[in-house]
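>>> Pasting a predicted model and its sequence here:
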Amino acid sequence: MHYFRHKNGELHAEEVPASELAENYGTPLFVYSKRTLERHYKAYEKAFSKVPNIICFALKANSNGAILRTFGRLGGGADIVSGGELQRALMAGIDPKKIVYAGVGKTEDEIRLALKKRILMFNVESDQELVEINRVASSMRTKAPIALRVNPDIDPKTHPYISTGMKKHKFGIPIEDALDHYMVAKDLKNIEVVGVHKHIGSQITEVTPFVDSLNRVILLIKILKDNGINIRYLDIGGGLGIRYDSEEPPLPSDLASRLLPVLRGNDLTVIIEPGRSLVGNAGIFLTKVLYTKEGEDRTFVIVDGGMNDLIRPTLYSAYHAIEPVMKSRRKKVRTDVVGPICESGDFLGKDRMLPNPLRDDLLAVFSAGAYGFTMSSNYNSRPRPAEVMVDGKDHYLIRKRETFNDLIKGEADR
Ligand code: LLP
C-alpha cells in the first residue's frame, strides 16, 4: 500500500498534487512518500515483533540520507555492501551495532573502516575474505565479528539477474561445506563467529523459497551447535517482492507467520535485510512529454526521463506502471514511452495503452523508489534528477538536480 492516488482527476503524492512538485522542482523527478516509507517499515516491525530482531534496510535499494534517517529514527539498521554505504549509514545516524556488511569483494580499506566503526558483523562470502578480515583485524589488535553467507541452493523463482542463492551464483559458500568453513573460522584468532547469513534473491513473490532456505539454515545452526559453535544472529536476507503489475507478493506479516514457527525458541536475534519492499512503492518517477511521434503501429512518447535515470526496464525488461498525472478522456493509443538517450533500449515502458499523450503532459512511472536513483548514471552527459520527499502537505528537496558542473567535477583540464 502506498500514498500515491488520483484525487479530483490529478495524481497526488500524499496531499500534494504531482503537478505542483513538477513545477517546483522540475522534471524528471523522483518523488518519495514519507508516510509510505514509515508504513512499510512498521509492517516489518510488527510482523517480526515476537522474536528479537533488527531490520537492516538494504541501502543499495535507495541510499538517500533522508530515507536512511527516516528508517534510522524508527530504530532501523543497515545492510551495506561498500565503504560508501557504510559512511552513508553512519552519517544518517544509524547505530553501527545495527549494521551488517555483505558483498563478495570487500577491500582492505573497507574492512578497516568497518572494524574501526565496530559494526555488528561482516557477512563473509569466501575463505580468502575470511583470512583477509582476520589479518586486518589482527593488525588493528581487534576481533572481527562475522557470519558466513551460506548459499542454500534454493531457486527463488525470480529474474535470473536478481537471484543469488543457487549453486551457480558467485555468492556465499555452499551450505553443505559450511561446517568446514565455520571450523576454519572458529580457529582464526581475530575472528569471532557470531552469525549465519543467507540471501536468496530479490523480487521473490512466494513464501516457499524463504521457508525452504530457512529450514536448511536452521539445520545448519543445530549442526554448528553440536560442534561447539554458538550462533547468535541469523540474518535471513531481503528479497520480498512488491507489486509492479499484477503480482501478489506476500506481505511481511505473511512471511513472518510462516517463518516465526521455525525461528522461535532458537535463542537467536533475527536480522532482516529488506530493500525493495520498504522503498519500491514509496517512490514514483515524474517525467514530462517532450514530443510525440507516430511510428508504424504505435506512438512514440518521448519523455525527458531515460534509461540513465531508471534503468530497470532496459536492464531487466522490468515492468513499471505508467499513468498520466492528469486523468483524461482522450482516446487511448498504443505507445512506447521512450527517453532521449541514443539507444533503442532506452525505454520506460513498451506497448502501453495511454490516453493519447500530448506535449508537456506529465507521466508518473510507479514503483520507482527501489533501484531507481541508486542505479542511475550520467550516460549521454545527463545530470541526474532531483529527489523530493513528501510528508503530508509538506514537501522538500532531498537531493538537488545535478548541474553541468557536477558532470565534469574531478575531470582534469589537460
Ligand atoms: N541483502 C543482500 C545481501 C542483497 O544482495 C540484497 C539485494 C538485499 C539484501 C535486498 O534485497 P531486496 O529486499 O531489495 O530484494 N537491481 C535489482 C535488484 C538487485 C538486488 C541485489 N541484492 C533490481 O532493480 O531489481
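Ah, there it is.

>>> Report the helix or strand with the lowest average pLDDT across the chain.
strand 173-174 (a mean of 94; mean pLDDT, DSSP states H and E).

>>> chain center to that one: distance?
Distance of strand 173-174 from the chain centroid (CA atoms, centre = their mean, to the nearest Å) equals 23 Å.

>>> Over to stretch 380-387?
Put simply, stretch 380-387 sits 20 Å off its chain's centre (CA atoms, centre = their mean).

>>> Could you list the contact residues of this protein toward the ligand?
Neighbours of the ligand within the chain, by CB under 6 Å from any ligand atom: 58, 60-61, 79, 102, 162, 199, 202-203, 237-240, 273-277, 312, 316, 370-371. Heads up, the C-betas are built off the backbone N, CA and C, glycines and all.

>>> Now restrict those to buried residues only.
Taking 16 or more other CB atoms under 10 Å as the criterion, what is buried in the residues of the chain next to the ligand is 58, 60-61, 79, 102, 162, 199, 202-203, 237-240, 273-277, 312, 370-371.

>>> quick one on the thing from earlier: return the subset of the residues of the chain next to the ligand lying in strands.
If you go by DSSP state E, those have A58, D79 in strands.

>>> Show me where the protein has its helices.
For the chain, the helices defined by DSSP state H occupy 18-25, 34-47, 65-73, 83-91, 108-116, 127-139, 178-187, 208-226, 252-263, 276-279, 312-316, 404-408.

>>> who touches the second one?
Applying CB atoms under 8 Å, 6 or more residues apart in numbering, the external contacts of helix 34-47 come out as 1-4, 14, 55, 57, 67, 70-71, 74-76, 251-253, 255-257, 272, 274, 277-279, 281-282, 389-392.

>>> try the longest one
Under the criterion CB under 8 Å, 6+ apart, residues 150, 152, 154-157, 165, 175, 178-179, 182, 196, 198, 200-201, 204, 230-231, 234, 236, 239-240, 255, 258-259, 262-263, 266, 268 lie in contact with helix 208-226.

>>> just the shortest one next, same as before
With CB under 8 Å, 6+ apart as the contact definition, helix 276-279 has outside contacts at 32, 37, 40-41, 44, 57, 61-62, 67, 71, 202-203, 238, 240-242, 249, 252, 369-371.

>>> Only alpha carbons, please: show that helix as PDB.
Extracted as PDB, the C-alpha positions of helix 276-279 are listed here (Å, rounded to 0.1, in the frame of the first residue of the first chain):
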ATOM      1  CA  ARG A 276      12.700  -3.100  -2.400                       C
ATOM      2  CA  SER A 277       9.700  -3.900  -0.200                       C
ATOM      3  CA  LEU A 278      10.500  -0.900   2.000                       C
ATOM      4  CA  VAL A 279      11.100   1.700  -0.600                       C
END
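
>>> quick one: average pLDDT of it?
Helix 276-279 comes out with an average pLDDT of 98.

>>> next one: it to chain centre, how far?
On the basis of CA atoms, centre = their mean, helix 276-279 sits 6 Å off its chain's mean C-alpha point.

>>> Just the buried subset of the contacts of helix 34-47, written out for PyMOL, thanks.
Here is the PyMOL command that selects the buried residues among the contacts of helix 34-47 (16+ other CB under 10 Å):
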select buried, resi 2+3+4+14+55+57+67+70+71+76+251+252+255+256+272+274+277+278+279+281+282+389+390+391
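
>>> At the geometric centre of this protein, which residue do we find?
Using CA atoms, centre = their mean, the residue of the chain that lies closest to the mean C-alpha position is A61, 2.3 Å off.

>>> State which strand of this protein is the longest.
Under DSSP E, the chain gives strand 283-294 as its longest strand.

>>> Please enumerate the strands of the stretch 301-414 of the chain.
Along the stretch 301-414 of the chain, the segments classed as strands by DSSP state E, counting those that start in this stretch run 322-324, 332-338, 347-355, 362-365, 386-391, 394-399.

>>> Could you report the neighbour count for R401?
Neighbour count of R401, defined by other CB atoms under 10 Å: 16.

>>> quick one: contacts for the nearest residue to it once chain neighbours are set aside?
Excluding its sequence neighbours, the residue lying closest to R401 (CB to CB, 6 or more residues apart in numbering) is A386, at 3.9 Å. By CB under 8 Å, 6+ apart, the contact set of A386 is Y25, G26, L29, F30, L397, R399, K400, R401.

>>> From those, keep the buried residues only.
Among these, those buried by neighbour count (16+ other CB under 10 Å) are Y25, L29, F30, R399, R401.
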